[in-house]
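S.K.: Below: sequence and its predicted model.
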Amino acid sequence: MIETQNIHVRLAQTEAVRDVTLRFEPGRLYGLVGPNGSGKTTLLRALAGLVAPSAGAVRIDDRALSSLSLSERSARIGYLPQARSISWDLTVHEIVQLGAQRFRDAEPRAAAALREVGLGDVAHRRVFSLSGGQTARVLLARLLATACPVLLLDEPLTALDPAWQRQVLGVLKAAAARGHVVIASLHDLGLAAAFCDDLCVMHDGSLAGFGRPETVFTPALLAEVFHLTGGFEVAGEGTRLHLGAHPLIP
């Protein structure tokens, strides 16, 4: 379990996150959504311990995150940033194995993570020869290989085609089902509504909504936060998010 308690995060002269209290439980996939500049990345970085709150606290399993050593933190929290850069032209397997280096069985763990993201057949290739989408999946596999209880992902669907966007969300949902806390920032509201167990909506640095997609994505919130018309509608035996074709430009 990881939680924030009334955290504020200031970046230079800007308060990027304001008075956010959240509790993330294992076994659930959380979607972090909001417009550009709403505080999603800053919140993820605070959860990862990469930026310190100017007020409030981040706690993991009832311990202050700031009290953990770097090794304790790295064993509990895995973080995938927006940047998809790899500095060394190692093989795919070698890059993924870096995520599992604290385990004695690092090689089979890396191989299993690569199979999970559909890259088992390119494990021998060097990463500089890969496409952008393949590189994104290599980095996802490296994150999965860490086996950290908390997995934080900043825009993990970037550079992926539509089929692999859905496949990756399925992989993240499976990780949550195995008992991880999985928190991913997403821009596609339809995919977030379809795959995530709960949504955290950020707006101007504050928490605008938290809970099940069908309770959070109200017409009023979609209009105020995203400048979109829409809402949930009955589709077959379930419901789906319907969004209007044109934005409500303020």
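M.R.: Looks like it arrived, so ask away.

S.K.: Of all the residues in the helix or strand where Ala176 lies, which ones are buried?
M.R.: Using DSSP states H and E, Ala176 sits within helix 162-177. Judged by neighbour count (16 or more other C-beta atoms under 10 Å), helix 162-177 contains these buried residues: 164-165, 167-169, 171-172, 175-176. C-beta here means a position set from N, CA and C on the backbone, and glycine is covered the same way.

S.K.: before we move on, what about stretch 145-162?
M.R.: Buried residues in stretch 145-162, counted by 16+ other C-beta under 10 Å: 145-157, 159-160.

S.K.: hang on, the earlier thing: pLDDT and distance to Arg102 for the buried residues of helix 162-177 - can I get that in CSV?
M.R.: Shown next, in CSV, are the buried residues of helix 162-177 (pLDDT from 0 to 100; distance: C-beta to C-beta, whole Å):
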residue, pLDDT, distance to Arg102
Trp164, 96, 28
Gln165, 97, 30
Gln167, 97, 27
Val168, 97, 24
Leu169, 98, 27
Val171, 97, 22
Leu172, 98, 22
Ala175, 98, 18
Ala176, 98, 22
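
S.K.: about what we covered before: for the buried residues of stretch 145-162, which two are the farthest from each other?
M.R.: Pro149 and Ala159 (26.9 Å; C-beta to C-beta).

S.K.: Can you get me a residue count around the residue nearest to Ala145 when sequence neighbours are not counted?
M.R.: Nearest non-adjacent residue to Ala145, counting by C-beta to C-beta, 6 or more residues apart in numbering: Gly99, 3.6 Å away. By the criterion of other C-beta atoms under 10 Å, Gly99 has 23 neighbours.

S.K.: same check, this time on Cys200
M.R.: Count around Cys200 with other C-beta under 10 Å applied: 23.

S.K.: List the neighbouring strands of the strand or helix carrying it plus their orientation.
M.R.: Using DSSP H and E, Cys200 sits in strand 198-203. Strand 198-203 has the following sheet partners, assigned by DSSP bridges: strand 28-33 (parallel), strand 206-211 (antiparallel).

S.K.: would you list the buried residues of helix 162-177 in CSV and tack on distance to Ile183?
M.R.: Written out in CSV, the entries for the buried residues of helix 162-177 read as follows (distance: C-beta to C-beta, whole Å):
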residue, distance to Ile183
Trp164, 20
Gln165, 17
Gln167, 19
Val168, 14
Leu169, 13
Val171, 15
Leu172, 10
Ala175, 11
Ala176, 10
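
S.K.: What is the nearest of those to Leu140?
M.R.: Nearest to Leu140 among these, with distances taken as C-beta to C-beta, is Val168, at 6.5 Å.

S.K.: now the closest residue in space to Ser54 that isn't next to it in sequence, what's its secondary structure?
M.R.: Distances taken as C-beta to C-beta, 6+ apart put Arg10 closest to Ser54, at 4.4 Å, once the chain neighbours are dropped. What DSSP: H, G, I helix; E, B strand; the rest coil gives for Arg10 is strand.

S.K.: Please tell me how far Arg10 sits from Pro35.
M.R.: Separation of Arg10 from Pro35 (C-beta to C-beta, to the nearest Å) stands at 20 Å.

S.K.: quick one: pLDDT of the most centrally placed residue in the chain?
M.R.: For the chain, the residue nearest the mean C-alpha position is Ala184 (1.7 Å; C-alpha atoms, centre = their mean). Ala184 carries a pLDDT score of 98 in this model.

S.K.: Also Ala245?
M.R.: At Ala245, pLDDT is 89.

S.K.: The strand or helix carrying Glu15 - what's its average pLDDT?
M.R.: Here Glu15, judged by DSSP H and E, is contained in strand 14-24. Across strand 14-24, pLDDT averages out at 96.

S.K.: where does Pro26 fall, helix, sheet strand or coil?
M.R.: Pro26 is classified as coil under three-state DSSP.

S.K.: Which residue ranges make up each domain of the chain?
M.R.: Domains of the chain are assigned by automatic domain parsing as 2-216, 217-250.
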